[in-house]
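Trainee: Could you work out the structure for the sequence below:
(one chain, ligands or ions: 1)
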Amino acid sequence: MKDHARTGLADAFTALYGLAPEACFAAPGRVNLIGEHTDYNEGYVLPFAIDRVARIGLRIRPAESGRLLRIASTRGGQVVEAESTGLAPALVAPWARYVAGVFWAMEQRGFALPGADILLDSTVPVGAGLSSSAAIECAVALGLNEHLGLGLSREELVLICQLAENDFVGAPTGILDQSASLLSTSDHALFLDCRTRESRPVDLPLAANGLQVLVIDTRVSHSHDSGGYKELVLACTRGATELGVTALRDVGIDRLVEAQDTLAPEIYRRVKHIVTENQRVLDTVELLERRGPAAIGDLLLASHTSMRDDFGISCAELDLAVDTAVAAGAIGARMTGGGFGGSAIALLDASRSAVVADAVHSAFAEAGYLTPEIFAVVPGPGARAL
Ligand code: GLA
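Mentor: As a prediction, this is how the structure comes out:
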């Protein structure tokens, strides 16, 4: 499969920079099966890596040429040039910050990196809530780690990529996306405890059960370095403080009645989503292990309802995608990722795939929305050398 090879990338690299890449790496985007906005509340998440990846070609530049870092993309645009040390966001174009941010984050961790030529190529749609940015960061971080023999573990790379995202790109996100990209394994979801950062694979035998996960990209684009995401982080922090806990992870369902009495309504709704969502992740893992993927539909739907009514991060397009998919026979569906647009996922019998996709296309056309992108994803491997 094209995504899983160096095909095309090495040739494009050579054509651009005049020398072949020394190494190529790939890192996947993700969908989150369940567990939304729980990551920065030190809770649980259950994503899986998808078969859409960011690939990079990498060549370290000789020391005598200084520390020049050149970043290019197969999507076109200019080659971005900067020094590989002492980087600052203002020095590089926004799209190149996911690459430069990793160099910067590695430097914060004590690695003064050499200059390099990098060519980026990605099949993860941008702005679709599928972690196109984390995929780039993880491909670069794994590439530098393996090619330069830095000796960092994948768990350490997760934190380096998160640092790049938080403090260089400027999006105050948790560790969901980077963990999914670096730690996932084929045919499994990744059950991650965002407090202890312990994770384990959970069997997700979709094809063996005749099932499929469809991504419905509403093409309503979102960005987490703007206000909405940050406000949610603040609301959750306030809820935890007012309830006297370190993080909302520490609030059990049994405290919700008390929380409703003491918290402002808009804080309570956010707290309620996080507390119930954590429980839904645990229930989903349990059901997957006991009964298999066909059993988790109701939990996916309950998660969507909670994000729509309590957390307040859905939108009309996402709700229409979910409602239409279910009406057309999906076992379950929910928005996935940060919200305010992006994608929904639908879990369905593979034989219903075309019917569900047609129904969603028609419903969007009727509502006058943009034409959604609808495609199946399979739980694929995490970041890797090519
Ligand atoms: C974005 C962030 C993640 C996570 C999700 C919501 O994808 O990058 O850290 O908070 O939103 O679950």
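
Trainee: Pull out the buried positions in the longest helix anywhere in the chain.
Mentor: Assignment by DSSP state H gives helix 265-291 as the longest helix of the chain. Neighbour-count burial for helix 265-291 flags 267-278, 280-281, 284-285, 287-288 (criterion: 16 or more other CB atoms under 10 Å). Where C-beta positions appear, they are placed from N, C-alpha and C, glycine not excepted.

Trainee: ditto for stretch 83-101
Mentor: For stretch 83-101, burial by neighbour count (16+ other CB under 10 Å) applies to 84-85, 87, 89, 92, 95-101.

Trainee: ok, which stretches of this protein are strands?
Mentor: Using DSSP state E, the strands of the chain run over 23-34, 44-60, 68-73, 80-83, 116-122, 188-193, 199-203, 211-217, 332-336, 343-349, 373-377, 384-385.

Trainee: and of the ones you listed, who's closest to the ligand?
Mentor: Closest to the ligand of the strands of the chain, according to CB to the nearest ligand atom: strand 23-34, at 5.8 Å.

Trainee: Need the CA coordinates for the closest one. PDB is fine.
Mentor: Extracted in PDB, the C-alpha atoms of strand 23-34 (Å, rounded to 0.1, in the frame of the first residue of the first chain):
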ATOM      1  CA  ALA A  23      15.700   7.700   6.100                       C
ATOM      2  CA  CYS A  24      11.900   7.900   5.800                       C
ATOM      3  CA  PHE A  25       9.300   7.600   8.600                       C
ATOM      4  CA  ALA A  26       5.500   7.500   8.800                       C
ATOM      5  CA  ALA A  27       3.200   8.300  11.700                       C
ATOM      6  CA  PRO A  28      -0.600   7.800  11.500                       C
ATOM      7  CA  GLY A  29      -3.600  10.100  12.300                       C
ATOM      8  CA  ARG A  30      -6.200   8.700  14.700                       C
ATOM      9  CA  VAL A  31      -9.800   8.400  15.400                       C
ATOM     10  CA  ASN A  32     -10.900   8.400  19.000                       C
ATOM     11  CA  LEU A  33     -13.300   5.500  19.600                       C
ATOM     12  CA  ILE A  34     -14.400   7.000  22.800                       C
END
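
Trainee: Can you list the strands that it pairs with?
Mentor: Partners of strand 23-34 in the sheet, by DSSP bridges, are strand 44-60 (antiparallel), strand 384-385 (antiparallel).

Trainee: for those, which one ends up most surrounded?
Mentor: Most buried of those, by mean neighbour count (mean count of other CB atoms under 10 Å): strand 44-60, with a mean of 25.
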